[in-house]
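J.: following is a predicted model, sequence given first.
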Amino acid sequence: MSGDRRSAARRIPPAVLNAGRYGGIVIIVLAVFGGILLAAGKNPIKAYADTFTYTLANAYGFSELLVRMTPILLTAVAVAIPSRLGLINVGGEGQFYLGAWLASAGALGFPHLPAWVLLPILTLLGFIGGALWAAIPGILRARKLVNETISTLLLNYVAPLIVSYFIFGPWRSPESSAYPQSPAFPATARLPSFFNTRIHAGLLIALAALLLYWFLMEKTRWGLQMRSIGGNQEASQRLGIPVAAWIVIALAIGGGMAGLAGMGEVSGIHGRLRQGLSPGYGFTGFLISWLAGGRPLGILFMAFVFAIITSAGDILQITQGLPYSVINILLALLLFVFVARRPAQRIAR
Amino acid sequence: MADSISLEAREISKRYGSVQANERVDLRLAPGEVHALLGENGAGKTTLSKILYGFTRPDSGEILCNGTPASLHSPKDARALGIGMVFQNFMLIPAFSVAENIALFLTDLSPVLRKGKIEGRIQRLAERFGLRVDPGAPVRQLSIGDQQKVEILKLLLARARVLILDEPTKVLAPHEVEELFRVFAALKADGYAILFITHKLREVLACADRITVMRQGRVAGRLARGQADAGTLISMMFGDQGVGARAGTADPVRSASGPTRATALLELSGAGARAAGTEPALTSIHLRICAGEIVGVAGVSGSGQKELGDLILGLRPLAAGRKLLQGVDASAWSVRRVRDSGVAFVPEDCLGMAAVPGMSVRENLVLGTGRRYWKGVSVDWPSLEARMTGSFQALDFPIPRLAMPAGGLSGGNLQRVVVAREMAHQPRLVVALYPTRGLDVRSALSVRDLLRKVRDLDGGVLLISEDLEELAEMSDRLLVMYGGTIVGEFARGAWTAEQVGHLMTGWKEATDVRR
Amino acid sequence: MSAPLALGVLAGAVLSGTSLLYATLGETIVERGGIVNLGLEGILLVGASVGFALAASTGSAWLGLVGAALAGGLANLLFGWLVVSRKANQLASGLAMMFFGIGVSALVGGPFVGAVIKGLPKWRPSFLAALPWVKATTLFNYDILIWLAVPVALLVWWALFKTRWGLGLRAVGESPAAAFAAGRDPSVIQYQGLFAGGVLGGLAGAHLSLSLTLTWAEGMTAGRGFIAIALVIFSKWHPLRAIVGALVFGGAEALQLELQARGADVSPFLLDMIPYVLTLLVLLAWGGARRLAAPAGLGRTFYGSD
């Protein structure tokens, strides 16, 4: 048809473009990290070798990568789903804690249920906890009262306080008075782990969530409507799509994902509710989703990259005496480079 | 007193793509006068004003300032020469006070703001020219009329001597219009030159000293106030198209039975909607569209047509009155319900209002069809494609590549997609806003045929258009909108361009208004 | 509330509210220019660590103070390069700055953990010191940052609303297009605002390490940066209201400590929630009015596009 805009650039298949994008990130990460190490007086080659040895080449190390990936996959999906409607969810932290909290309530409240009944209940509770915590900002945004960026940010700080309240109060474990935490969960409330590692069923939940995200967005009529809202909210309204309802639903589902991450951590790793469960998983998820442009495979890849980077931090602290804080700088520089390379990058695709 | 400035445009021509926006236009603006630039939408007035202000450069012709050629590369040059322009969209900061807004634009502002001094300067000018505003008031609390005063004060304080105002009365209430004319008189007496761009006849006759009429990019006439009257101006603006006369000939394709009065597809009784932002309010809309008729709506853009469409769609809530669709009270229906009941919409800006650019054509096609093609968790793509292909063929539109992103289509192609989608399910009522704007002749004919077919199959059409010829050809009844309400109604063949022109431009006393 | 409790809370509010106030003032300037820095936490950490490191290595808390201010300013300029020159997404860049601040501050402060420094000197006017109810508390026995807190707030207010520069900054924050049409360069103005904001952020962090705790620990700002961001909204982007806000938020923290010291049975966590819930309620209450208070240019980034 005459008049249609076409450009040579659009003829490059998306797969190749994406590979280039992610490959570029990896190369830049390696180069920058090498620079930091040199500046710190360390040997980059040995650092890379150590990292490789203890993560990819080592079975237990590799399993730890998967353990690290589990929560951040979910918190990334928590950001990605609302982002497809153009919504910004920076409340992953809070939604994580609420999911952990509600799941803990279930774990502590139903000690007599068999595992095959209890674990699905806990999963549901984790999802609901996070979903409710995100639905509040969703409703506020749908009614045009408060934008979700600020409300999810504020609620991030209330959720851990709720957890702390319960740990120090009604759920305080009688044993350890120095280090407040809930009593240990019964064995029936623990997600099973595999291969004598810390990998737990939460990983399966996370992968299922990622798959569900992809399927929902690309293959269902609901995803079609959500993407439509993200693409042109006014047109979507004029075509009869109930935008306000979808805003709440999308944020709730996103929050539920982060809630699942919380449930996975308390049930699969810690076995009890305690403070400081999240070293910033919510924010990490935001960055992963943002770097991946909301794409499922990209999220998988970036979560893997983040897992390697944070593992490297721990490993190099031991093998090279490198302070862990270097990892934070590395992450920051990675983001700076990415952000500065591509002006005016948007969150939603 | 500051120096007066005279401004002249000579043989200005400007072409945008296939449209000759200005063709050899001459205009002379002398100090101490109000010069009105009159014409319909699309006559070329705004283009000329942008050229005079340095926003755009003409393809040929020149601008002279006090007799010497001036080279205007940007508004900065224009401002340096003492030319100022007040746009339809004010460049004001709503959260700032009047004084702060004006101070921002002063070139000689001191580092530490002296509120008293600035306010004093504002007051002095305001007194002199009748532009009274409270300098401390936040601009967002001001009426549009007062905001406009601030814009004018900004120009005056920046030492402009020529003021160009683009459709300044578009959003003013009648008493604010009077106030503005008093300001013009005061400025005029002080030697300022004012170029007043408008389409409203009555105002031109009320305040202009000299009038230049434009039509389709050319100067259609030049008059001094003394020589001008409504009739002369209207015939200059619209030309002797003999449009009304043609409308009297029988429409051969029209079915003989005429509209079936019993079933009103759409009825608005006493409907009204609140104003929102710069969009006008709708008041006392009485409208009936029956099966088997095409109702045309004429009016200058901004008279409330878009709001009427949004009201029917259900996007805008009714603030008064009732809306009935096929006899059922639909006043509170959601957009989806309205559409599902067989109402189709072709909006004026398809890319912004009816399509999602990032999604494929196929996906865009299904978005507008409600629940019809939902199957399980997904969509029945084959049925959709079959139906849509059929729709394209019935319209004689070329079928686009369904997988391509809608944003990659040209404007005309996208509009065809939207029309095909809307028509695919035999809608009973079609609301079309400027449906043939931007289409080539063949496609425009095809759209018109389609609308007629809808009518012949006992459907109803509300056709909003700026093309009087099209309206003459298509409308069984013609309504005229102005200022958010319906000011006239004509049967087929019972109107002339002159009558409609009167009503479109706000002349309340039309010579022949039939209900 | 008993008098000693009230006094205790007030005294504590002033102490912990000071760094909050500086941080809020800095972010207010930045947001008035239309930019949100979610990484304020990182700026505070940079200020705290640089200040402490300088004080520990040179023995002069004053040098630490100056260094902290400069470091904060530079860090914000780095953020500015991302969001102004490269037009990067403000939220993502802000979070990146948070990581950056956490990392850099740990590196800078690491060698000095456990060091003992002579903090900023404190003064108390003698006529106040004579009062018995004052003597027992920390009231009016303040270092220079606390004494200057309110004057600085007044200065920021004056700069924003009474100077040509402030007018330009606020114009950029409301409508870069209008500011540009008025002949201003929005980018330059935003950089200037970012530097000023960064200096204040650095000072906010320095107050923690050079005066309140006289230590350095990784992550010692404990979310104050995010509280300050909430405070900016709570105080409707107005420097003078920020004083009240800082006292209220600082007071909530102080109240919690005082109640704990007295063995009261109120959960400190519930009290800690107050600032956030309060901010949310205030935002809710304003509803549409809130949009009027925020610089319009923040809209696209922070407040969505409705």
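T.: Sure thing, it's come through. Residues are numbered from 1 along each chain as shown, chains lettered A, B, ... in the order given.
J.: now do the helices in chain A.
T.: With DSSP state H as the criterion, chain A has helices at A:14-39, A:44-54, A:59-83, A:92-109, A:115-142, A:148-168, A:202-219, A:221-231, A:233-238, A:243-264, A:281-291, A:296-319, A:325-341.
J.: nearest to residue C:279, of the ones you listed?
T.: Smallest distance to residue C:279 across the helices of chain A (CB to CB): 5.9 Å, for helix A:148-168. The way it works is simple: take the backbone N, C-alpha and C, and place the C-beta from them, glycine included.
J.: need the contact list for residue 141.
T.: Using chain A. Residues in contact with residue A:141 (CB atoms under 8 Å, 6 or more residues apart in numbering or on different chains) are A:87, A:147-148, A:151, A:247, A:251, C:304.
J.: chain C, not that one
T.: C:122-124, C:129.
J.: can you do 10 Å?
T.: C:11, C:15, C:122-125, C:128-129, C:134-135 (CB atoms under 10 Å, 6 or more residues apart in numbering or on different chains).
J.: out of those, who's the most crowded?
T.: Counting neighbours by other CB atoms under 10 Å in any protein chain shown, residue C:15 comes out on top of those with 21 neighbours.
J.: assign a three-state SS to that one, would you?
T.: Three-state assignment for residue C:15 (DSSP: H, G, I helix; E, B strand; the rest coil): helix.
J.: from memory it sits against residue C:21, does it?
T.: No. Between residue C:15 and residue C:21 there is no contact, the gap being 11.3 Å when judged by CB atoms under 10 Å.
J.: need the overlap of contacts for those two.
T.: Common contacts of residue C:15 and residue C:21, defined by CB under 10 Å, 6+ apart, comprise C:146, C:207, C:250.
J.: I'd like the next helix or strand past the strand or helix carrying the last one.
T.: When elements are defined using DSSP states H and E, residue C:250 is found to belong to helix C:239-261. Counting by DSSP H and E, the element after helix C:239-261 in chain order, helix or strand, is helix C:268-286.
J.: and the stretch 1-150 of chain B, which residues reach chain C?
T.: Taking CB under 10 Å from any CB of the partner chain as the contact definition, the stretch 1-150 of chain B meets chain C at B:75-76, B:79, B:90-96, B:100-101, B:103-107, B:109-115, B:138, B:140-141.
J.: inside helices: which ones of these?
T.: Residues of those located in helices (DSSP H): B:75-76, B:79, B:100-101, B:103-105, B:115.
J.: how about residue B:411, phi and psi?
T.: Main-chain torsions, residue B:411, degrees, to the nearest 10: phi -60, psi -50.
J.: correct me, but it touches residue B:437?
T.: Yes. Between residue B:411 and residue B:437 there is a contact under CB under 10 Å: 9.3 Å.
J.: and residue C:159, how many neighbours?
T.: Quick note: residue C:159 (other CB under 10 Å) scores 15 neighbours.
J.: check which helix or strand it maps to.
T.: Assigned by DSSP H and E, residue C:159 falls within helix C:144-162.
J.: surely residue B:462 touches residue B:290?
T.: No. In this structure, residue B:462 is not within contact of residue B:290 by CB under 10 Å, at 11.5 Å.
J.: more crowded one of the two?
T.: Higher neighbour count among residue B:462 and residue B:290: residue B:462, with 26 against 20, using other CB under 10 Å.
J.: for the more buried one, give the beta-bridge partners.
T.: Taking DSSP bridges, one finds residue B:295, residue B:431 as the beta-bridge partners of residue B:462.
J.: and it, what is it in contact with?
T.: Contacts of residue B:462 (CB under 10 Å, 6+ apart): B:265-266, B:287, B:289, B:293-297, B:305, B:308-309, B:312, B:343, B:345, B:429-433, B:451, B:479.
J.: quick one: neighbours of the residue nearest to residue B:474 when sequence neighbours are not counted, just the number.
T.: Leaving aside its sequence neighbours, residue B:474 sits nearest to residue B:294 (CB to CB, 6 or more residues apart in numbering or on different chains; 5.3 Å). Residues within reach of residue B:294, counting by other CB under 10 Å, total 29.
J.: quick one: residues contacting residue B:294.
T.: Here residue B:294 is in contact with B:251, B:254, B:259, B:430, B:432, B:448, B:451-452, B:454-456, B:459-463, B:471, B:473-478, B:492 (CB under 10 Å, 6+ apart).
J.: run the last query once more with 6 Å
T.: By CB atoms under 6 Å, 6 or more residues apart in numbering or on different chains, the contact set of residue B:294 is B:455, B:461, B:463, B:474-476.
J.: what do you get for residue A:72?
T.: Residues in contact with residue A:72 (CB under 6 Å, 6+ apart) are A:281, A:284-285, A:303.
J.: can I get those in a markdown table with neighbour count?
T.: Output for the contacts of residue A:72, formatted as a markdown table (neighbours: other CB atoms under 10 Å in any protein chain shown):
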| residue | neighbour count |
| --- | --- |
| A:281 | 25 |
| A:284 | 27 |
| A:285 | 34 |
| A:303 | 28 |
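J.: want to try a markdown table for these, with pLDDT and distance to chain B as columns?
T.: Compiled in a markdown table, the contacts of residue A:72 are given as follows (pLDDT from 0 to 100; distance: CB to the nearest CB, whole Å):
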| residue | pLDDT | distance to chain B |
| --- | --- | --- |
| A:281 | 93 | 30 |
| A:284 | 90 | 27 |
| A:285 | 94 | 24 |
| A:303 | 94 | 25 |
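J.: what's the closest of those residues to chain C?
T.: Nearest to chain C among these, counting by CB to the nearest CB, is residue A:284 at 9.2 Å.
J.: quick revisit: so which of the contacts of residue B:462 belong to helices?
T.: Among these, the members falling in helices (DSSP H) are B:305, B:308-309, B:312, B:451.
J.: of the residues you listed, just say which sits nearest to chain C.
T.: Nearest member of those to chain C, counting by CB to the nearest CB, is residue B:309, at 21.3 Å.
J.: before we move on, back to that, so does the helix holding residue C:250 get close to chain A?
T.: No. Judged by CB under 6 Å from any CB of the partner chain, helix C:239-261 and chain A are separated, with a smallest distance of 10.9 Å.
J.: which elements pack onto that helix?
T.: Packing partners of helix C:239-261 (3 or more CB pairs under 6 Å, 6 or more residues apart in numbering or on different chains; DSSP states H and E): helix C:3-32, helix C:144-162, helix C:224-234, helix C:268-286.
J.: any weak-confidence spans in the chain?
T.: Using chain A here. Along chain A, the parts satisfying pLDDT under 70 run over A:1-12, A:176-177, A:342-349.
J.: look at chain C instead
T.: Along chain C, the model assigns pLDDT under 70 to residues C:1, C:135-137, C:286-293, C:299-306.
J.: residues from it in reach of chain B?
T.: Proximity of chain C to chain B, by CB under 6 Å from any CB, involves residues C:162-164, C:167, C:171, C:174-175, C:178, C:181-182.
J.: make it 7 Å
T.: Contact residues (CB under 7 Å from any CB of the partner chain) of chain C with chain B: C:162-164, C:167, C:171, C:174-175, C:178, C:181-182, C:292, C:296.
J.: which of the ones in helices among the residues of the stretch 1-150 of chain B next to chain C are buried?
T.: Buried members of those, scored by 16 or more other CB atoms under 10 Å in any protein chain shown, are B:75, B:79, B:100-101, B:103-105.
J.: residues contacting the residue sitting nearest the centre point of chain B?
T.: Compute the mean C-alpha point of chain B, and by CA atoms, centre = their mean the closest residue is residue B:301, 2.3 Å away. Listed by CB atoms under 7 Å, 6 or more residues apart in numbering or on different chains, the contact set of residue B:301 reads B:41, B:466.
J.: distance of it relative to residue C:59?
T.: Going from residue B:301 to residue C:59 by CB to CB, to the nearest Å gives 74 Å.
J.: quick one: contacts of the helix holding residue C:159?
T.: B:112-113, C:14, C:18, C:21-22, C:25, C:28-29, C:32, C:120, C:165-166, C:169-170, C:203, C:207, C:211, C:239-240, C:242-243.
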